[in-house]
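J.: everything below, folded, please.
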Amino acid sequence: MPNNKAEKIKILYVDDEEINLQAFRTTFKHDFEIQLAASSKDALQILSNKSFDIIISDQRMPSETGLDFLTTVMNEYPEPIRLLLSAYSDIQLVQEAIQEGVIYHYLTKPWDEAYFKNIIRNAYETYCLRKEVKNLQKEILDLKRDFEIPSK
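T.: Below you'll find the predicted structure:
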C-alpha cells in the first residue's frame with residue numbers, strides 16, 4: 001500500500017463517455033488520486049508527463065478499443081497495472097488479454113463499488129510487489145558485479 005497515509009494510489013481512468021468519467025471520480029475521489037482522460041490519445045498525452053500506479057480503460061471507445069490502448073500502454077509504460085472495464089463481454093478476448101499479461105483484471109459496468117475498490121487495492125499490491133522484485137533483482141546484479149573476480 002502507499003508509503004504514508006497522505007499518499008494515495010494514482011489512477012488514470014480512460015472512458016469516452018463523460019458521465020462514466022464523472023461517476024468514477026465521484027465514487028472514488030476520496031480513496032484514490034484520480035486523473036481522467038476522454039480518449040486514448042488524451043491518456044497517452046497524460047502518461048507522457050505523469051506516472052500512475054493503475055490504468056483503467058473502457059473497452060469500447062470510438063478511436064480504438066481499450067485492449068488496443070492497454071496493449072500500447074503495456075509496451076510504452078509497462079509498470080502500471082492495467083484494468084479493463086466494459087458493459088459488454090467478449091470472454092475469449094478478455095481471457096487471452098489476461099493470459100498475455102495485457103490486463104490484470106476485467107470488470108463489468110455497472111461496477112460494484114466495494115468489489116472495484118478491492119480489485120484496485122489488489123492491483124496496487126501487485127504493482128508494489130513487482131517494483132520490489134525489480135529493485136531486488138537490481139541489487140542482486142549490483143552485488144554480483146561488486147564481488148566479481150576479475151579475469152586474467
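
J.: what's near enough to touch residue 77?
T.: 47, 51, 55 (C-beta atoms under 8 Å, 6 or more residues apart in numbering). Backbone N, C-alpha and C define where each C-beta goes, glycine included.

J.: show me what contacts the last one?
T.: If a contact means C-beta under 8 Å, 6+ apart, then residue 55 has 11, 12, 14, 43, 47, 70, 73, 77, 80, 81, 82, 83 as its contacts.

J.: go on, the first one?
T.: Applying C-beta under 8 Å, 6+ apart to residue 47 gives the contacts 12, 55, 73, 76, 77.

J.: max pairwise distance over those residues: which two?
T.: In the contacts of residue 47, two members sit farther apart than any others by C-beta to C-beta. They are 12 and 76, at 13.1 Å.

J.: next step: the contacts of residue 47 restricted to strands.
T.: 12, 55 (DSSP state E).

J.: how about the strands in the protein?
T.: Listed in chain order, the strands found in the chain under DSSP E are 10-14, 33-37, 54-58, 81-86, 105-108.

J.: reformat those strands as a markdown table; add mean pLDDT.
T.: Formatted as a markdown table, the strands of the chain follow (pLDDT from 0 to 100):
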| stretch | mean pLDDT |
| --- | --- |
| strand 10-14 | 98 |
| strand 33-37 | 98 |
| strand 54-58 | 97 |
| strand 81-86 | 94 |
| strand 105-108 | 90 |
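
J.: winner for burial among those?
T.: Here the criterion is mean neighbour count by mean count of other C-beta atoms under 10 Å, and of the strands of the chain the winner is strand 54-58, at a mean of 26.

J.: what are the pairing partners of it, and which direction each?
T.: According to DSSP bridges, strand 54-58 forms sheet pairs with strand 10-14 (parallel), strand 81-86 (parallel).

J.: between it and strand 33-37, how big is the angle?
T.: 40 degrees (axes from the mean of the first three to the mean of the last three C-alpha atoms, to 10 degrees).

J.: make JSON lines from the contacts of residue 47 and add distance to residue 35 to it.
T.: Putting the contacts of residue 47 into JSON lines (distance: C-beta to C-beta, whole Å) gives the following:
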{"residue": "12", "distance to residue 35": "5"}
{"residue": "55", "distance to residue 35": "10"}
{"residue": "73", "distance to residue 35": "14"}
{"residue": "76", "distance to residue 35": "17"}
{"residue": "77", "distance to residue 35": "14"}
